[in-house]
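Undergrad: What follows is a predicted structure for the sequence shown.
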Amino acid sequence: MLEVDNIDVYHGDLQALWNVSLKVGEGELVSLIGANGTGKTTIVESISGLLTPASGTIIFNGVRLDKEPSQRVVQLGICLVPEERGIFPGMSVLENLELGAFQKKSRKVKDETFKFVYELFPILKDRSRQVAGTLSGGEQQMLAIGRGLMSKPKLLMLDEPSLGLAPLIVKTIFEAIREINKSGVSILLVEQNVRAALELAKRAYIIENGRIVQQGDATGLLSNEQVKDAYLGIGSV
Amino acid sequence: MASNWKQFSTSGGIIVLLILVPLIITRTDIITWLYLTLLYIALSQSWNLIGGYAGQLNLGHAAFFGAGALAARYIWLHFGLPLPLAILGGGLTATIFAMIIGFPAFRLRGIYFVIGTLVLAEILRLVFYTILPEADVMPMKFLGTYSLVPRYYLSLLIAVLTVAAVYWISRSRLGLGLMSIREDEDAAEASGVNTQRYKLLAFTISTFLAGLAGGIYAYYSAAFRAGGLFEPVWTFDAVIIVFVGGVGTILGPIIGSVFFVLLKQILSLYLPGGIHVAVFGVLFIIVVLFLPGGLIELMTKFRKRTSVGEHLH
Amino acid sequence: MIFQLLAQTLVNGIQIGAMYGLIAVGLSLTFGVMKILNVAHGEFLMVGGYIAFWLFTLYDIDPLLGLPLVAIALFLLGAAFYQLLFSSLARLHEEIKMKNTLLVAFGLFLIFPQVSRWLWTADERALTPAYSGESFPMLGVQCGYVPLCGLVVAVVVILGLHLLLTKTYFGKSVRGTTENWKSAKLMGINVERTYLITFALGTALAGIAGVLVGMTQTVTPDIGMPWTIKALIVLVLAGIGSVGGAFFAGVILGVIEAVSAIFIGPYTVALGMVIFLLILMFRPQGLFGKA
């Protein structure tokens, strides 16, 4: 479904990614794991069209993405839930969700999508009139995910949804992510929380210093000695 | 340091030449042209300090030029005090107005400074058109003995003073601090630069120099309307000259002034009314968008290209 | 007697204040959404006034009927200038963008008055449809038809803008872009196009204000900057970032000016400066801004 093939990405003059390749298949839940500053956000921002790779290709369902503007990427069915939620703090929960369905075709079916999102995160329905900036961290994360779902994506990418959240909330959110995946949406989960990510995903990629250093079956990686030493000791915060 | 000596001796030579000019040339149009160029050098260089080196956009420079001009005019012409006192008085008056805006504005984000200076110049313009509507004309006894030469020397003195002051500051700790504020004010603040104090200091000096330039004009002009001293054109001219010449450089305002006064003469011959101002506006926008370093950048690029050519052969 | 004078003053103040508010809102919108302080905002007002004048003088189109035409014309003009001059700056880092857009707008401020003086001469133009000088008494106060229309137009336009920003998808996308342009992009919002349309909306608002100015005062090539200054003062009074507040702050300024004109007459112009300094010193976030 999604094929990232050997991309190099620069931030200005600084190279951030070297020869990064990854795949996400239809219906899969794939995880991208790495420490801070290793390039995880750069990868998803490149897929989303916020950044343009200097070389390599990104193909989604046969359509080449890497030179397209961000609105086209959303149109094709990929949505990114950004790092640090990226909600619109001065607008209400409802307005945030509505903007998630900005694209014309998602707008048409938004009532249906609202139902799905409210079922997944009932608290959003309770707080629908509340100003988003006053929500708690966990609620904001749910809002950000809900907003992403409003665009009816085929592939939902989440950038560190567990960041700054209490373990119980992380559990709730990860369960929601599993539900979303079950409903047919492919997921690319970017995380620092290695254990939780590997327990959730089917496959995973490990990135270090802008390069993919390991990949494979999630259970395999969980029991991998190297991975254990490097990540699982300190990874699950 | 050899290049420093070269710079100093070239500048010294030019200044000596300029001093000798009225003794050799008697054509008033040439002396007027030189006088204007020197006035603009002083005015634009003073703006360069706050706008170019410190990166704070003062879009109301006319307020300080005008305040200086009006004060100097009154002290010299109407109160009959000696000229040097009048010029100094002009500088100080300008500084007082600067403090009125500077103190409150520099505590806040840069946009308040821009708005504040714009508003100040406009308000002063309107107020003075209202309370001093008649033209301020030099009385007969002054006009009878009017000589361009002392005006020329005054403008030469102030221009040299202004350039020297800005040059010296640009090489000082204050100058480095200002440039760091221009590049990234938050980073400068974080690295220990007292940004508010530096900006205020630069602004004080800049407006003082602008006030002196105003004094030059007050001494020169046979007649003007008080409000006209605060017309935005005085700000534009300074800003255009600095940007077209090369913002944030010492030579920029100098080259810009020469270019500007020449071009203005030529254009006003062929173009109707004030269209030459529009031409400068277009030129200004082109510089901002495509050639931010102005003529200096153009010259440096040209020099690089020709010197590379020499190396290859 | 005193009551009547005060009431009249109040009415006058509100009417002119509504115009202040209208022009301030356009400026506030542009600055709030994309951090472009369009110091040539008043120039677009001036052009709007001239277009209305020529429509009226050459084609007998009543200025009020001609409003939509002026709005469209200024919308397109603003869009063209934005695309030509500002769009390339939109992607820059915020500080540099603010500075450079300010300079470009400053350049426009040099060009517009000269070009319009060359095209249309410096003669004062006034829009004087048949009902121009007329007024009717209401509760002991004389209400001029023209200023009243101006008030109504301003209120209607502002309400329209409010509805646009709160009830339409486009309006919400503008607000979203203001709060977080990256996230807006991730929603599939075309941020570049949003900027373009917002800028054009701002100039359209200026154009509408220009028609009102032409009807209540006169239009000359040089009216641009004084109106820009007025808008800036209102902006600071309201609080930079408060688009809705800008309208109310305009009305407040209008009333304050009208009342003080009784006492300090010709020095009322200096009032704007005083208000500006007071706000800066004691309440920088303005009347309606967040601390």
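TA: Cool, the structure landed.
Undergrad: And the residue of chain A that's closest to chain B?
TA: In chain A, the residue that lies nearest chain B is residue A:12 (15.1 Å; CB to the nearest CB). Backbone N, C-alpha and C define where each C-beta goes, glycine included.
Undergrad: correct me, but residue C:184 touches residue C:192?
TA: No. Contact criterion CB atoms under 8 Å: residue C:184 and residue C:192 do not qualify, at 10.9 Å.
Undergrad: name the helices or strands packed onto the helix or strand harbouring residue B:44?
TA: Following DSSP states H and E, the helix or strand that holds residue B:44 is helix B:28-47. When contacts are defined as 3 or more CB pairs under 8 Å, 6 or more residues apart in numbering or on different chains; DSSP states H and E, helix B:28-47 sits against helix B:2-24, helix B:61-73, helix B:148-170, helix B:195-220, helix B:232-245, helix B:251-270.
Undergrad: now the ones you listed in CSV, with distance to chain C and mean neighbour count?
TA: Listed next are those as CSV, based on distance: least, CB to the nearest CB, whole Å; neighbours: other CB atoms under 10 Å in any protein chain shown:
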stretch, distance to chain C, mean neighbour count
helix B:2-24, 30, 11
helix B:61-73, 10, 31
helix B:148-170, 20, 19
helix B:195-220, 13, 25
helix B:232-245, 6, 26
helix B:251-270, 12, 19
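Undergrad: okay if I get these as CSV plus mean pLDDT and distance to residue A:179?
TA: Formatted as CSV, the helices and strands packed on helix B:28-47 follow (pLDDT from 0 to 100; distance: least, CB to CB, whole Å):
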stretch, mean pLDDT, distance to residue A:179
helix B:2-24, 81, 72
helix B:61-73, 94, 63
helix B:148-170, 91, 64
helix B:195-220, 93, 51
helix B:232-245, 92, 59
helix B:251-270, 89, 63
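Undergrad: who does the host helix or strand of residue A:80 pair up with?
TA: In the assignment (DSSP H and E), residue A:80 maps to strand A:78-81. The strands beside strand A:78-81 in its sheet (DSSP bridges) come out as strand A:155-159 (parallel).
Undergrad: For the closest residue to chain A within chain C, give me phi and psi.
TA: Using CB to the nearest CB, the closest approach of chain C to chain A is made by residue C:188 at 3.3 Å. The phi and psi values for residue C:188, taken as degrees, to the nearest 10, are phi 90, psi 10.
Undergrad: May I ask you to confirm that it is in contact with residue A:69?
TA: No. Using CB under 8 Å, residue C:188 makes no contact with residue A:69, being 9.9 Å away.
Undergrad: Those two: which has the busier surroundings?
TA: residue C:188 (25 against 16; other CB atoms under 10 Å in any protein chain shown).
Undergrad: Just give the closest residue to the more buried one, not the sequence neighbours.
TA: residue A:74 (3.3 Å; CB to CB, 6 or more residues apart in numbering or on different chains).
Undergrad: what helix or strand does that neighbour sit in?
TA: Going by DSSP H and E, residue A:74 is in helix A:70-76.
Undergrad: which residue is nearest the middle of chain B?
TA: residue B:43 (1.6 Å; CA atoms, centre = their mean).
Undergrad: ok, that one touching residue B:210?
TA: Yes. Using CB under 8 Å, residue B:43 is in contact with residue B:210, at 6.4 Å.
Undergrad: what sits in contact with each of those two?
TA: Here residue B:43 and residue B:210 have B:61, B:65 as joint contacts, going by CB atoms under 8 Å, 6 or more residues apart in numbering or on different chains.
Undergrad: buried set for the longest helix along chain C?
TA: The longest helix of chain C (DSSP state H) is helix C:2-34. Judged by neighbour count (16 or more other CB atoms under 10 Å in any protein chain shown), helix C:2-34 contains these buried residues: C:9-34.
Undergrad: got it, and stretch C:212-228?
TA: Going by neighbour count (16+ other CB under 10 Å), the buried part of stretch C:212-228 is C:212-217, C:219-221, C:223-225, C:227-228.
Undergrad: Please apply the same query to stretch A:54-61.
TA: Residues of stretch A:54-61 classed as buried: A:56, A:58, A:60 (neighbour count, 16+ other CB under 10 Å).
Undergrad: Backbone torsions only: list them for the closest residue to the last one other than its chain neighbours.
TA: Across the structure, with CB to CB, 6+ apart as the measure, the residue nearest residue A:60 apart from its sequence neighbours is residue A:2 (5.2 Å). Backbone torsions of residue A:2, given as degrees, to the nearest 10, read phi -110, psi 130.
Undergrad: name the helices or strands packed onto the longest helix of chain C?
TA: Helix C:2-34 is packed against helix C:41-59, strand C:141-144, helix C:145-167, helix C:169-179, helix C:191-216, helix C:224-238, helix C:243-264, with contacts defined by 3+ CB pairs under 8 Å, 6+ apart.
Undergrad: so can I have JSON lines of those showing mean pLDDT?
TA: Shown next, in JSON lines, are the helices and strands packed on helix C:2-34 (pLDDT from 0 to 100):
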{"stretch": "helix C:41-59", "mean pLDDT": "92"}
{"stretch": "strand C:141-144", "mean pLDDT": "75"}
{"stretch": "helix C:145-167", "mean pLDDT": "90"}
{"stretch": "helix C:169-179", "mean pLDDT": "92"}
{"stretch": "helix C:191-216", "mean pLDDT": "94"}
{"stretch": "helix C:224-238", "mean pLDDT": "93"}
{"stretch": "helix C:243-264", "mean pLDDT": "90"}
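Undergrad: Out of the ones you listed, the one nearest chain B is which?
TA: helix C:224-238 (4.6 Å).
Undergrad: that older thread, okay, the angle between the helix holding residue B:44 and helix B:2-24?
TA: For helix B:28-47 against helix B:2-24, the angle by axes from the mean of the first three to the mean of the last three CA atoms, to 10 degrees is 140 degrees.
Undergrad: Mind listing what's buried along helix B:28-47?
TA: So, applying 16+ other CB under 10 Å, buried residues of helix B:28-47: B:31, B:34-47.
Undergrad: Which residues are in contact with residue B:72?
TA: B:86, B:87, B:89, B:90, B:211, B:214, B:215, B:218, B:219.
Undergrad: how does it look with 10 Å?
TA: When contacts are counted by CB atoms under 10 Å, 6 or more residues apart in numbering or on different chains, residue B:72 touches B:81, B:83, B:85-91, B:93-94, B:211-212, B:214-219.
Undergrad: For the spatially most central residue of chain C, which non-adjacent residue is spatially closest?
TA: By CA atoms, centre = their mean, chain C has its centre lying nearest to residue C:23, at 1.0 Å. Nearest residue to residue C:23, sequence neighbours excluded (CB to CB, 6+ apart): residue C:209, at 4.2 Å.
Undergrad: ok, the one you found - contacts?
TA: Listed by CB under 10 Å, 6+ apart, the contact set of residue C:209 reads C:18-26, C:41-42, C:44-45, C:48-49, C:74, C:150, C:153-154, C:157, C:227, C:231.
Undergrad: gap between the residue of the stretch 51-200 of chain B found nearest chain A and residue A:12?
TA: Here the stretch 51-200 of chain B gets closest to chain A at one residue, residue B:184, 15.1 Å apart by CB to the nearest CB. Separation of residue B:184 from residue A:12 (CB to CB, to the nearest Å): 15 Å.
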